[in-house]
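Engineer: Give me coordinates for this.
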Amino acid sequence: MATTRSVTTRGLFWPHDNSLIAAGLRRYGYREEAATIAVAILEAAQYFLGRLPETFAGYARTLTEYPVEYPTACSPQAWATGAPLLLLRVLLGLEPKDGEVAQDPVLAEPISQLALRGLSGPAGIYDAVARDAARA
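Structural biologist: Numbers count the residues shown, from 1 in each chain. Model (predicted):
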């Protein structure tokens with residue numbers, strides 16, 4: 001008689017919800033934790049050809065080395081497509097302040113450099129650039 005292995009998901013992972021969580025953590029001073037979430041979501045996007053689905057299964061990375069598509073999830077999904085933009089803001093620490101855009105970047109492994117060039121903001125066109133000197 002064949003034995004079956006029970007595999008339990010840790011739930012569903014919603015990119016848009018987690019991008020809001022990362023932004024909230026960042027706002028309250030949990031920079032590294034926010035960066036960890038941001039990088040994990042951006043890494044997952046690679047497995048969906050850069051187009052995050054509405055949700056995907058939350059298995060441990062030791063069980064599956066990649067995110068697992070949820071069969072009934074919409075892809076593309078409008079609110080999921082906005083998640084990477086908010087995550088870039090979290091990583092670069094972009095905040096409007098006194099008519100300009102302040103930057104306070106924090107990068108997490110494996111990202112050692114991140115740049116958005118030619119951004120339009122209240123003070124004109126600017127670049128947002130972050131480098132981790134120890135890893136760059």
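Engineer: per-residue confidence for Thr36?
Structural biologist: At Thr36, the pLDDT value in this model is 95.
Engineer: residues in contact with it?
Structural biologist: With contact taken as Cβ atoms under 8 Å, 6 or more residues apart in numbering, Thr36 is in contact with Ala108. All C-beta spots, glycine's among them, are computed from the backbone N, C-alpha and C.
Engineer: For Ile125, see how far away it is.
Structural biologist: Thr36 sits 31 Å away from Ile125, going by Cβ to Cβ, to the nearest Å.
Engineer: Figure out how far the helix or strand hosting Ala83 is from the centre of its chain.
Structural biologist: Using DSSP states H and E, Ala83 falls within helix 78-92. Once both centres are worked out by Cα atoms, centre = their mean, to the nearest Å, helix 78-92 turns out to sit 6 Å from its chain's centre.
Engineer: other SSEs contacting that helix?
Structural biologist: Contact here means 3 or more Cβ pairs under 8 Å, 6 or more residues apart in numbering; DSSP states H and E; on that basis helix 78-92 packs against helix 15-27, helix 31-46, strand 113-121, strand 124-131.
Engineer: Show me where the chain dips below the pLDDT cut-off.
Structural biologist: For the chain, residues meeting the criterion pLDDT under 70 lie at 1-10, 135-136.
Engineer: same thing but 90
Structural biologist: Residue ranges of the chain with pLDDT under 90: 1-13, 49-51, 57-79, 96-102, 119-124, 126, 132-136.
Engineer: Nearest the geometric middle of it, what residue?
Structural biologist: Ranked by distance to the mean C-alpha position of the chain (Cα atoms, centre = their mean), the top residue is Ala38 at 2.9 Å.
Engineer: Going by neighbour count, list what's buried in stretch 33-51.
Structural biologist: Residues 33-42, 44-45, 48 are the ones in stretch 33-51 that count as buried (16 or more other Cβ atoms under 10 Å).
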